[in-house]
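Peer 1: below is the structure, and that's it, no one-letter string:
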């Protein structure tokens, strides 16, 4: 499953390719300031917990893509410089006894760059 995520103020632009003939896109109007504060707290305090991982998951993944992420094994994140700061590997869904997504699946993170010239 390939996921592209980029900041397209005032929302995150999220697109997913599941191998079908189309790529689904969603705009997620979430409070990026809250997400940034959570990520900063997790990083600067070196504190990760399942509750925080579930909270970030709920805030930055569109609802109809959550089930797709749970079902597919390998995930490739294609991120812009803004969304690359998010802890995608540590995201955790809200099912009981869930583990971070990267524990049960392969995960690749790619930085998307813009070439001008």
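Peer 2: Sure, I can see it. Computed from a predicted structure; not experimentally measured.
Peer 1: residue 75 and residue 101 touch, don't they?
Peer 2: Yes - counting by CB atoms under 8 Å, residue 101 is a contact partner of residue 75 at 6.6 Å. Quick note: C-beta positions are derived from backbone N, CA and C, even for glycine.
Peer 1: which neighbours do these two share?
Peer 2: Residues touching both residue 75 and residue 101 (CB atoms under 8 Å, 6 or more residues apart in numbering) are 69, 107.
Peer 1: what's the helix or strand harbouring residue 39 packed up against?
Peer 2: Per DSSP states H and E, residue 39 falls inside helix 32-44. Helices and strands touching helix 32-44, as assessed by 3 or more CB pairs under 8 Å, 6 or more residues apart in numbering; DSSP states H and E, comprise helix 50-60.
Peer 1: what comes up buried for the helix it packs on?
Peer 2: Residues of helix 50-60 classed as buried by neighbour count (16 or more other CB atoms under 10 Å): 52-57, 59-60.
Peer 1: closest one to residue 93 out of the residues you listed, please.
Peer 2: residue 57 (5.9 Å; CB to CB).
Peer 1: and the helices in this protein?
Peer 2: 32-44, 50-60, 63-71, 101-104 (DSSP state H).
Peer 1: looking at the longest one now, give me its mean pLDDT.
Peer 2: Think helix 32-44. Computed over helix 32-44, the mean pLDDT rounds to 85.
Peer 1: got it, and the third one?
Peer 2: In this model, helix 63-71 has a mean pLDDT of 79.
Peer 1: what residues does that helix touch?
Peer 2: So helix 63-71 is contacted by 1, 3, 14, 16, 18, 24, 26, 57, 61, 75, 93, 95, 101 (CB under 8 Å, 6+ apart).
Peer 1: what's the separation between the third one and residue 101?
Peer 2: So that's residue 14. Note on residue 14: its distance to residue 101, by CB to CB, to the nearest Å, is 15 Å.
Peer 1: for stretch 84-103, which positions count as buried?
Peer 2: 84, 86-88, 90-93, 98, 100-102.
Peer 1: tell me which of those fall in strands.
Peer 2: Among the buried residues of stretch 84-103, no member is found in strands (DSSP state E).
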